[in-house]
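> 3D, please:
(one chain, ligands or ions: 2)
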Amino acid sequence: MSIKRAAVIGGGSFGTVIANILADNGVEILQWMRNESVAESINHEHVNPDYLPDTKLNPSLKATTDLQEAVRGAEVIFVSVPSKFVRQVVGSFVDDLDPTQALVSTTKGIEPDRFLLMSQVLQELCPNNPVAVISGPNLAKEIAKRELAATVIASTNSDLRRNLQESLSCNYFRVYASDDLYGVELGGALKNIYAIVSGFIAALGMGENTKSMIITRSLAEMSRFAEAMGANPLTFLGLAGVGDLVVTCMSPLSRNYRVGYAIGSGQSLEESVDELGEVAEGVNTLRYVREKALELDIYMPLVMGAYEILFNHADPKDVAKGLMTGAFASDVEFALPSHKI
Ligand SMILES: NC(=O)C1=CN([C@@H]2O[C@H](COP(=O)(O)OP(=O)(O)OC[C@H]3O[C@@H](n4cnc5c(N)ncnc54)[C@H](O)[C@@H]3O)[C@@H](O)[C@H]2O)C=CC1
Ligand SMILES: O=C(CO)COP(=O)(O)O
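Numbers count the residues shown, from 1 in each chain. Ligands and ions are numbered 1, 2, ... in the order given. Next up is the predicted model:
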């Protein structure tokens, strides 16, 4: 049974494309945002002027600044605000929920205190509600143009997975299923770090072999981290791992890549983030993952190098040189464990 009425919480680029896909598929959809004039523009001009000014949205997509109104009667609530605000925003409507309403996170970030992913935050706030995540190689600006893309819906609730597959699939968006919430979500959060690193590499004018080495070693590092955190690293072979890593490490449409590119071109972190004017989750994720890697003694040379560049003004060229002279290592640690080389 596909979804009849849904809410999207967040007025940014990804929230808007998810709302638009649902509207294209005939779902009655109410999108919540803080900005009254953007909501009016969506309702009357069918455009989100702040984030997707060139996209004509489906006229049936409606927006509101009233959170309670958005959530009331929605079978599924997509949460699409930056990770820093998920707890606060969801916390302000939990008391209005009934247990049949499902929550879906689109947010690719980490809550630092207890290293929680967003589905864990949702589950903690709403222990009786079904939870899912959506993650994959999904640059909002391409999907807005209805260019072909695919994603992953992860949930342990098979009915919810199937309903979401039915409600989001269309001729430009293909939706695959997973029951590994943690792995799918961890992939989406971690790849933002390596998109920043790839931005440095591009700004330094390094070659295609270098870019390929960085993407592949990023995957090795992500998988090593995932395994240490008790996740299934095989999930990273799918769209939410390799898929999202490749697209964000290669595309200037990725905000994280753009932050890395700006820093690699000589701008400060503050200047790069200000100029972006949108969320680049990888900047905070890098801090939290570095801390966790140090705590658990996980070998993550790219994370450590990126941290030095972003937060300690290290020269990206010196960091790159240092990475080439590490101890001899295994290519695929799952095939040849490090202690056997
Ligand atoms: N844009 C993309 O291509 C994709 C983004 N995502 C993820 O989706 C999440 C949201 O991303 P975007 O929509 O791209 O971000 P964005 O930067 O385009 O928009 C974020 C939205 O949240 C709102 N917001 C900021 N602070 C808020 C607060 N305190 N309370 C309520 N609302 C607040 C902003 O006003 C804006 O409407 C991020 O975690 C991102 O990693 C996932 C897939 C693709
Ligand atoms: O997650 C994304 C694409 O899948 C978007 O990446 P950025 O947040 O770097 O733009």
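
> And the closest residue to residue 35 other than its chain neighbours, what's its pLDDT?
Closest residue to residue 35 in three dimensions, ignoring its sequence neighbours and counting by CB to CB, 6 or more residues apart in numbering: residue 11, at 6.2 Å. Bear in mind the C-beta positions are built from the backbone N, C-alpha and C, glycine included. Reading off the per-residue confidence, residue 11 sits at a pLDDT of 97.

> again with residue 173
As summarised for this prediction, residue 173 has a pLDDT of 98.

> same thing with residue 1?
Among the per-residue scores, residue 1 holds a pLDDT of 59.

> I'd like the mean pLDDT over stretch 120-140, please.
Mean predicted confidence for stretch 120-140 is 98.

> how close does the closest residue to residue 180 other than its chain neighbours sit to ligand 1?
The spatially closest residue to residue 180, leaving aside those adjacent along the chain, is residue 235, at 4.7 Å (CB to CB, 6+ apart). Residue 235 sits 17 Å away from ligand 1, going by CB to the nearest ligand atom, to the nearest Å.

> Around ligand 2, which positions in the chain sit nearby?
Residues of the chain lying near ligand 2 by CB under 6 Å from any ligand atom: 108, 137, 138, 139, 192, 195, 244, 247, 248, 254, 255, 256.

> Adding secondary structure and neighbour count as columns, could you present the residues you listed in JSON lines?
Formatted as JSON lines, the entries for these read as follows, by DSSP: H, G, I helix; E, B strand; the rest coil; neighbours: other CB atoms under 10 Å:
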{"residue": "108", "secondary structure": "coil", "neighbour count": "30"}
{"residue": "137", "secondary structure": "coil", "neighbour count": "23"}
{"residue": "138", "secondary structure": "coil", "neighbour count": "25"}
{"residue": "139", "secondary structure": "coil", "neighbour count": "19"}
{"residue": "192", "secondary structure": "helix", "neighbour count": "29"}
{"residue": "195", "secondary structure": "helix", "neighbour count": "28"}
{"residue": "244", "secondary structure": "helix", "neighbour count": "30"}
{"residue": "247", "secondary structure": "helix", "neighbour count": "21"}
{"residue": "248", "secondary structure": "helix", "neighbour count": "28"}
{"residue": "254", "secondary structure": "coil", "neighbour count": "25"}
{"residue": "255", "secondary structure": "helix", "neighbour count": "26"}
{"residue": "256", "secondary structure": "helix", "neighbour count": "27"}
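
> hang on, the residue nearest to residue 35 packs against residue 49?
No - counting by CB atoms under 8 Å, residue 11 stays clear of residue 49, with 10.7 Å between them.

> and residue 289, what does it touch?
By CB atoms under 8 Å, 6 or more residues apart in numbering, residue 289 lies in contact with 110, 190, 193, 225, 300, 303.

> Same question for residue 60.
Neighbouring residues of residue 60 by CB under 8 Å, 6+ apart: 23, 28, 29.

> By neighbours, which of these wins?
In terms of neighbour count, residue 29 stands highest of the contacts of residue 60 at 28 neighbours, by other CB atoms under 10 Å.

> Return the per-residue confidence for that residue.
According to the model's per-residue confidence, residue 29 sits at a pLDDT of 98.

> show me what contacts it?
Contacts here follow CB under 8 Å, 6+ apart; on that basis residue 29 touches 5, 6, 7, 8, 19, 22, 23, 60, 61, 62.

> Skip ahead from whatever helix or strand it lives in and say which helix or strand is next.
Assigned by DSSP states H and E, residue 29 belongs to strand 28-32. Beyond strand 28-32 in the direction of the C-terminus, DSSP H and E gives the next helix or strand as helix 36-44.

> can I get the CA coordinates of stretch 101-117 in CSV?
The C-alpha trace of stretch 101-117 is given here as CSV (Å, rounded to 0.1, in the frame of the first residue of the first chain):
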residue,chain,number,x,y,z
GLN,A,101,3.7,7.7,11.7
ALA,A,102,7.0,6.7,10.2
LEU,A,103,10.1,8.9,10.2
VAL,A,104,12.7,8.9,7.4
SER,A,105,16.1,10.6,7.8
THR,A,106,17.7,12.1,4.7
THR,A,107,20.5,13.7,6.8
LYS,A,108,24.1,12.6,6.3
GLY,A,109,25.7,13.6,9.6
ILE,A,110,26.6,12.6,13.1
GLU,A,111,25.5,13.8,16.6
PRO,A,112,28.8,14.2,18.4
ASP,A,113,28.2,13.5,22.1
ARG,A,114,27.5,9.8,21.8
PHE,A,115,28.4,9.4,18.1
LEU,A,116,24.8,8.9,17.1
LEU,A,117,23.6,8.6,13.5
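
> tell me the mean pLDDT over it?
For stretch 101-117, the mean confidence score works out to 97.

> what does stretch 235-248 give?
When pLDDT is averaged over stretch 235-248, the result is 97.
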